[in-house]
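[1] kindly generate the corresponding structure for this input.
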Amino acid sequence: MKLAGGRPAALKMALTGIFLVSAVAAGAHMPYVLPTLFDVGKGDHVTVQSAFAEDAFVPEVAMRDAPFHIDGPDGKVLATGPVTTFRDLSIFEADIKADGTYRITTGQRAGRKGKMARVGDKWEVRAENAPAKSGEQVVDVQSMTLADAYVTRGAPTTAALKPRGQALEIQPVTHPSDITAGSEASFVLLFDGKPLAHEAITLFRAAGVHDGRKVAAEVKSDASGRFILKPGDAGTYLILVRHRGAAPAGAETPYRSYTYTLAFDAA
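    Numbers count the residues shown, from 1 in each chain. Have a look, this model is predicted:
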């Protein structure tokens with residue numbers, strides 16, 4: 001059986017079901033947004049940095065051309081302040097003038113294009129112009145990245161936590177403002193608005209760059225897309241998940257590699 005464009009159906013099914021192992025997740029660049037505060041009290045703004053990094057919150061490559069924006073407590077999309085981009089990070093301000101919870105986001109960013117090849121029962125990334133080796137199945141792929149963080153002024157609200165219903169994302173079940181060290185926090189992993197089951201998820205500690213304990217947890221979503229994390233220490237954390245699958249109709253490549261992160265503070 002062939003798909004449109006001559007790609008075997010088995011190839012599409014195999015690629016859609018790929019899980020990245022934690023060693024790969026830990027060693028690849030991941031996007032993030034990091035506000036100066038997650039609970040602003042009665043403040044009226046936060047300053048936000050954003051970058052790609054191998055270690056959580058240690059900027060290496062600036063987040064360029066991202067559609068940064070804010071989802072307000074009423075669900076409306078708000079603009080950020082002007083974005084200043086340096087070589088290793090981007091910085092902007094976000095106005096937090098009304099009470100409630102805001103989602104600060106990079107927006108869905110389309111990144112570099114490349115190739116993936118099947119090697120035995122695994123898939124490996126290939127350089128964009130790398131020739132296929134004999135017997136390899138090589139497909140074109142584009143990276144898609146999205147990074148979120150939730151900031152609250154006054155009492156927490158939930159409108160900004162509503163899923164977008166597109167691509168890869170995490171819906172907090174436990175409100176991010178209620179996450180505390182030593183307690184369980186619940187989330188749902190979604191892809192195109194539907195639960196994504198049995199996907200690998202990694203929790204990184206910001207403090208790990210100092211004490212060497214960078215990974216706080218490695219779990220998988222259950223059959224309903226739910227997963228639970230329990231941050232052991234007070235501090236800032238980053239949830240990372242990756243997923244590869246067939247791209248939607250009209251995309252620039254037939255396959256996409258999605259990366260999503262969610263930053264939060266454990267009190």
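
[2] per-residue pLDDT of V141, please?
    V141 is assigned 84 on the pLDDT scale.

[3] hmm, it is touching A251, no?
    No: contact between V141 and A251 fails when scored by Cβ atoms under 8 Å: they sit 10.2 Å apart. C-beta: built from backbone N, CA, C; applies to glycine.

[4] ok, these two, which is more surrounded?
    Comparing V141 with A251 by neighbour count (other Cβ atoms under 10 Å), the higher total belongs to V141, at 24 against 14.

[5] contacting residues for the more buried one?
    The contact partners of V141, by Cβ atoms under 8 Å, 6 or more residues apart in numbering, come to K113, G114, K115, M116, R244, T253, P254, Y255, R256, S257.

[6] point out the ones among the residues you listed that are inside strands.
    Counting by DSSP state E, the part of the contacts of V141 found in strands is K113, G114, K115, M116, R244, Y255, R256, S257.

[7] drop anything exposed from the residues you listed.
    Neighbour-count burial (16 or more other Cβ atoms under 10 Å) applied to the ones in strands among the contacts of V141 gives G114, K115, M116, R244, Y255, R256, S257.

[8] confidence-wise, which of the residues you listed comes last?
    Ranking these by pLDDT, M116 lands last with 79.

[9] for that residue, list the residues it contacts.
    L15, W123, E124, V125, R126, V138, V139, V141, R244, Y255, S257.

[10] okay, and which of the residues you listed map to strands?
    Those of the contacts of M116 mapping onto strands are W123, E124, V125, R126, V138, V139, V141, R244, Y255, S257, per DSSP E.

[11] what does G208 show for phi and psi?
    The phi/psi pair for G208 (degrees, to the nearest 10) reads phi -60, psi -20.

[12] got a pLDDT number for it?
    Confidence score, pLDDT, at G208: 92.

[13] grab the nearest non-local neighbour of K133.
    Excluding the flanking residues, the one nearest K133 by Cβ to Cβ, 6 or more residues apart in numbering is A117, at 7.4 Å.

[14] residue contacts, E54?
    G27, A28, H29, M30, E60.

[15] so how far is K214 from it?
    10 Å (Cβ to Cβ, to the nearest Å).

[16] ok, now A160?
    29 Å.

[17] which one's more surrounded, the two?
    Higher neighbour count among A160 and K214: A160, with 24 against 18, using other Cβ under 10 Å.

[18] what's near enough to touch that one?
    A160 neighbours (Cβ under 8 Å, 6+ apart): D71, G72, P73, G75, G100, T101, Y102, R103, Y150.

[19] also A266?
    Here A266 is in contact with I179, T180, A181, P231, D233, A234, G235, T236, Y237 (Cβ under 8 Å, 6+ apart).

[20] excluding covalently adjacent residues, which one is nearest to the second one?
    Ranked by Cβ to Cβ, 6+ apart and with sequence neighbours excluded, the top spatial neighbour of T180 is A267, at 4.9 Å.
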